[in-house]
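Student: Sequence unavailable; structure follows:
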């Protein structure tokens, strides 16, 4: 699978283009209303039924590096899992650099709390001066257990704290998902695979709390489908792709809950990715 991120003009947003599609519209906007499936990963589709799945790690890398406008060219229906994190996408973006456009950045400011819940899972957006993510998970597997973490996403926090954290699953789930035609490119090297109290993946965890860090990575990628950076605090408890997409739908269904603002220099400096340099390192990235 070949993925190429091309620069784009101001106000373009993020779009995917399927370079292997010739008989239908190959362009798909990376926006919340294009999400067509949230089981295990995030899939976006256009009106012609052309889709791209597993976009969340790449979307997180773009958002976390401060890329707000780009055309992603891909020659197949699924973004490669690679090592299960965003690290290789981030490394590619930082190696090439980000071009600053001669245009103001527009952001979505959350004006009042928006909350969604399903069973034990919940997600909330509330007002804040910059993007903050709070996440909490609880798993019966002792090797994961209860984990929680909070981060202000300014000052390159995504690159330094989250981008190398990999997706995770149980060993018994891998074969079941493959039998359903899912995660075709997945293996113990593209995820943290746990089996009871053990980590099967060679090398073990990159961070003691790698699972919750990856959940925060996913949240950033799914929030990037808002179409602009968010100024607000995201709180997730046992949340996943579906809950974050439901949260965005609830936000945009209520015009009184948000406003689109033009960022001044101070606001722009607090956005994810602001101030990153090509030399910035990437944690434990392989």
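Tutor: Happy to help now that I have it. Keep in mind it's a predicted model, so treat the numbers as computed, not measured.
Student: Name the spans of this structure whose pLDDT lies under the cut-off.
Tutor: The model of the chain has pLDDT under 70 over residues 175, 177-178, 180-188, 281-286.
Student: ok, now how distant is the residue nearest the centre of it from residue 56?
Tutor: Closest residue to the average C-alpha location of the chain: residue 221 at 1.6 Å, with CA atoms, centre = their mean. Per CB to CB, to the nearest Å, residue 221 is found 4 Å from residue 56. Every residue, glycine included, has its C-beta placed from N, CA and C.
Student: which residues sit in contact with the residue nearest to residue 81 when sequence neighbours are not counted?
Tutor: Once flanking residues are discounted, residue 81 sits nearest to residue 190: 4.2 Å by CB to CB, 6 or more residues apart in numbering. By CB atoms under 8 Å, 6 or more residues apart in numbering, the contact set of residue 190 is 81, 82, 83, 84, 166, 167.
Student: make it 6 Å
Tutor: By CB atoms under 6 Å, 6 or more residues apart in numbering, residue 190 lies in contact with 81, 83, 84.
Student: Does it belong to a helix, a strand or coil?
Tutor: Following DSSP: H, G, I helix; E, B strand; the rest coil, we place residue 190 in the coil state.
Student: how much space between it and residue 88?
Tutor: Noted for residue 190: a distance of 11 Å to residue 88, by CB to CB.
Student: my guess is residue 134 contacts residue 234, does it?
Tutor: No. If you go by CB atoms under 6 Å, residue 134 and residue 234 don't touch, sitting 7.1 Å apart.
Student: Comparing those two, which residue is more hemmed in?
Tutor: The residue with more neighbours, out of residue 134 and residue 234, is residue 234; 25 against 16, by other CB atoms under 10 Å.
Student: Just confirm that one is within a strand.
Tutor: Yes. Counting by three-state DSSP, residue 234 falls inside a strand.
Student: quick one, what contacts it?
Tutor: Counting by CB under 6 Å, 6+ apart, residue 234 makes contact with 125, 133, 219.
Student: one more time with 10 Å, if that's ok
Tutor: Contact analysis of residue 234 by CB atoms under 10 Å, 6 or more residues apart in numbering lists 110, 123-126, 128, 131-135, 153, 216, 219-220, 222-223, 244, 247.
Student: Equivalent analysis for residue 5, please.
Tutor: Contacts of residue 5 (CB under 10 Å, 6+ apart): 14, 58, 61-62, 67, 70-74, 89, 92-93, 96.
Student: buried residues in the helix or strand containing it?
Tutor: Residue 5 belongs to strand 3-7 when assigned by DSSP states H and E. For strand 3-7, a neighbour-count test (16 or more other CB atoms under 10 Å) marks 3, 5 as buried.
Student: so what strands line up beside the following helix or strand past it?
Tutor: Once the chain leaves strand 3-7, the next helix or strand it forms, by DSSP H and E, is strand 14-18. According to DSSP bridges, strand 14-18 forms sheet pairs with strand 27-29 (antiparallel), strand 70-74 (parallel).
Student: quick one, the longest one and strand 3-7 angle?
Tutor: What that stands for is strand 70-74. Calculated by axes from the mean of the first three to the mean of the last three CA atoms, to 10 degrees, strand 70-74 forms an angle of 160 degrees with strand 3-7.
Student: what about strand 70-74, distance to the chain center?
Tutor: 16 Å (CA atoms, centre = their mean, to the nearest Å).
Student: Could you do stretch 264-278 as well?
Tutor: Stretch 264-278 sits 18 Å away from the centroid of its parent chain (CA atoms, centre = their mean).
Student: again, but for stretch 200-218
Tutor: That offset, for stretch 200-218, works out to 15 Å (CA atoms, centre = their mean).
Student: buried stuff in it?
Tutor: Neighbour-count burial for stretch 200-218 flags 200-201, 205-207, 209-218 (criterion: 16+ other CB under 10 Å).
Student: from the residues you listed, which two are the most distant?
Tutor: Distances among the buried residues of stretch 200-218 were taken as CB to CB; the most separated pair is 200 and 216, at 23.0 Å.
Student: Touching both of residue 190 and residue 88, which residues are there?
Tutor: 80, 82.
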